[in-house]
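J.: how does the following fold in three dimensions:
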Amino acid sequence: MPFDLGPALLFCPADRPERFEKALERADAVILDLEDAVAPADKPAARANLMAARIGHERVIVRVNATDTGDFAGDLAALADTDFRTVMLAKAEDAAALDAFDERFSLIALCETARGVAAADSLAAHERVVALMWGAEDLVASLGGTSSRDSTGRYRDVARYARSRVLVEAGAHGKAAIDAVHIDLDDADGLAREAADAAASGFAATACIHPSQVPVIREAYLPDAATASWAEAVLAAAEDERGVFRFRGQMVDEPVLRHARSVIARSGR
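T.: Now for the predicted structure:
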């Protein structure tokens, strides 16, 4: 099953049911979170909220706790009493552990630890995985670090490596890749820059933690008018050409045409 929910995926704590519908209205899809966004004492209530939720399950992802935690069994049991079938597994590290989910579920493996990033290839290869996502803060914490970004706000090399590896391994196995959240809520420019880079690099979506970030991500993933116009024109020109050809001073071959097709797909034309 392809992953095509849209570019802006909004996290929503599962212990805040009053936010579920509004979050779904504002984003392309909502990630109901049973993991880090919920305090340990509130997890039973969060599961109850999940089971009681009456929102469209097609655009809902449920993030569950890691398989080696005491909360995972409860999360799995709660899911069984719902129609939600797209699941994000926190701190995914072992492809064999994904077999805890049966064929009803489509999985997003969240590679957010050193072991998870190292296992991105085997996680992406799992038959029930439809996408990989990476996470910066848990990754750096798993390495004993203190910050995923430098003083300029840019990702450190280790975070950029993890981002690239998850994207490449997802693509190598025909799966989608989801970019990490931008935790500085006041840095709209930084979010726009990273989301635009994510779209141009091949990510299918970017996760976010506040509704104000949704329009920024959507705009970044939408090609500008000039780029969309170029894509339409070069594809039209290709219909009368054979093999490599020159177009507006640029050499055009099949990879360039694939870029153009991706632009058209993202523009909705």
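J.: need the longest helix for the chain.
T.: helix 157-172 (DSSP state H).
J.: so what's the nearest residue to T146 once chain neighbours are set aside up against?
T.: Computed as C-beta to C-beta, 6 or more residues apart in numbering, the closest residue to T146 that is not its neighbour in sequence is V140, at 7.2 Å. For every residue, glycine as well, the C-beta is placed using N, CA and C. Applying C-beta atoms under 8 Å, 6 or more residues apart in numbering, we find V140 in contact with 146-148, 156, 158-159.
J.: which of the residues you listed tops the neighbour count?
T.: For those, the largest number of neighbours (other C-beta atoms under 10 Å) sits with A159, at 23 neighbours.
J.: doesn't R149 make contact with that residue?
T.: Yes: counting by C-beta atoms under 8 Å, R149 is a contact partner of A159 at 7.5 Å.
J.: identify the contacts common to the two.
T.: Residues touching both A159 and R149 (C-beta under 8 Å, 6+ apart): A136.
J.: what number of residues lie near G145?
T.: As a burial measure, G145 scores 13 neighbours (other C-beta under 10 Å).
J.: in the one helix or strand I264 maps to, which residues are buried?
T.: Per DSSP states H and E: I264 is located in helix 254-267. Using 16 or more other C-beta atoms under 10 Å as the burial criterion, the residues of helix 254-267 that qualify are 256-257, 260, 263, 266-267.
J.: neighbouring strands for the helix or strand hosting V62, and are they parallel or not?
T.: For V62, the host element (DSSP H and E) is strand 60-64. With DSSP bridges as the test, strand 60-64 is paired with strand 29-33 (parallel), strand 86-89 (parallel).
J.: mind listing what's buried along that strand?
T.: Neighbour counts over strand 60-64 (16+ other C-beta under 10 Å) mark 60-64 as buried.
J.: closest to W230 among those?
T.: For these, the minimum distance to W230 (C-beta to C-beta) is 33.7 Å, reached by I61.
J.: ok, and the closest non-adjacent residue to F245?
T.: Among residues not flanking F245 along the chain, V252 sits closest, at 5.5 Å (C-beta to C-beta, 6+ apart).
J.: got the CA coordinates for stretch 197-209 in CSV?
T.: Extracted in CSV, the C-alpha atoms of stretch 197-209 (Å, rounded to 0.1, in the frame of the first residue of the first chain):
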residue,chain,number,x,y,z
ASP,A,197,15.0,20.7,1.0
ALA,A,198,13.0,17.6,2.1
ALA,A,199,10.7,17.9,-0.9
ALA,A,200,13.5,18.5,-3.4
SER,A,201,15.5,15.6,-1.9
GLY,A,202,12.6,13.1,-2.2
PHE,A,203,10.9,13.0,1.2
ALA,A,204,7.1,12.3,0.9
ALA,A,205,6.2,14.3,4.0
THR,A,206,7.4,16.3,7.0
ALA,A,207,6.1,15.8,10.5
CYS,A,208,5.2,18.7,12.7
ILE,A,209,4.1,19.4,16.3
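J.: that concludes my questions; thank you for your assistance.
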